[in-house]
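Undergrad: I would like the atomic coordinates for the input below:
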Amino acid sequence: MPYYGLNRWSRGHEMVINFFIAYFLGEKPEDQTGDGLAKFTESWLSNLPSGAWSTWILSSHDSKRFKQ
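TA: The predicted model follows:
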């Protein structure tokens, strides 16, 4: 995740906007699984640099709107 910077003194972006879930939810329903989503989010969180923030965008003007 090089866009976060090498360390807290040479920080890149303070908060990276993560569109993965928005696009994941917009894919074919048969390709969406809880296991796939869990695997991605666990990987993302375990690779975040210390003290870094994450966002979880659920929908945008480029993807289907999120609804329950």
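Undergrad: Residue 22 against residue 60, yeah?
TA: Yes. Between residue 22 and residue 60 there is a contact under CB atoms under 8 Å: 5.5 Å. Where C-beta positions appear, they are placed from N, C-alpha and C, glycine not excepted.
Undergrad: Where do the strands of this structure begin and end?
TA: 15-16, 53-54 (DSSP state E).
Undergrad: Does anything pack onto the top helix by length along the chain? Which helices or strands?
TA: With secondary structure taken from DSSP state H, the chain has its longest helix at helix 34-47. Here helix 34-47 touches helix 20-26, going by 3 or more CB pairs under 8 Å, 6 or more residues apart in numbering; DSSP states H and E.
Undergrad: let's see 7 Å
TA: Helix 34-47 sits against no helix or strand, with contacts defined as 3 or more CB pairs under 7 Å, 6 or more residues apart in numbering; DSSP states H and E.
Undergrad: buried stuff in it?
TA: Neighbour-count burial for helix 34-47 flags 41, 44 (criterion: 16 or more other CB atoms under 10 Å).
Undergrad: average pLDDT for that helix?
TA: The average pLDDT for helix 34-47 rounds to 84.
Undergrad: before we move on, what about stretch 59-68?
TA: The model assigns stretch 59-68 a mean pLDDT of 68.
Undergrad: i'd like the first residue to be 55 from this point on
TA: Fine by me, first position is 55 from now on; the one you just mentioned is stretch 113-122.
Undergrad: Which one's more surrounded, residue 76 and residue 114?
TA: residue 76 (19 against 14; other CB atoms under 10 Å).
Undergrad: ok, now which ones touch the more buried one?
TA: By CB atoms under 7 Å, 6 or more residues apart in numbering, the residues touching residue 76 are 111, 112, 113, 114, 117.
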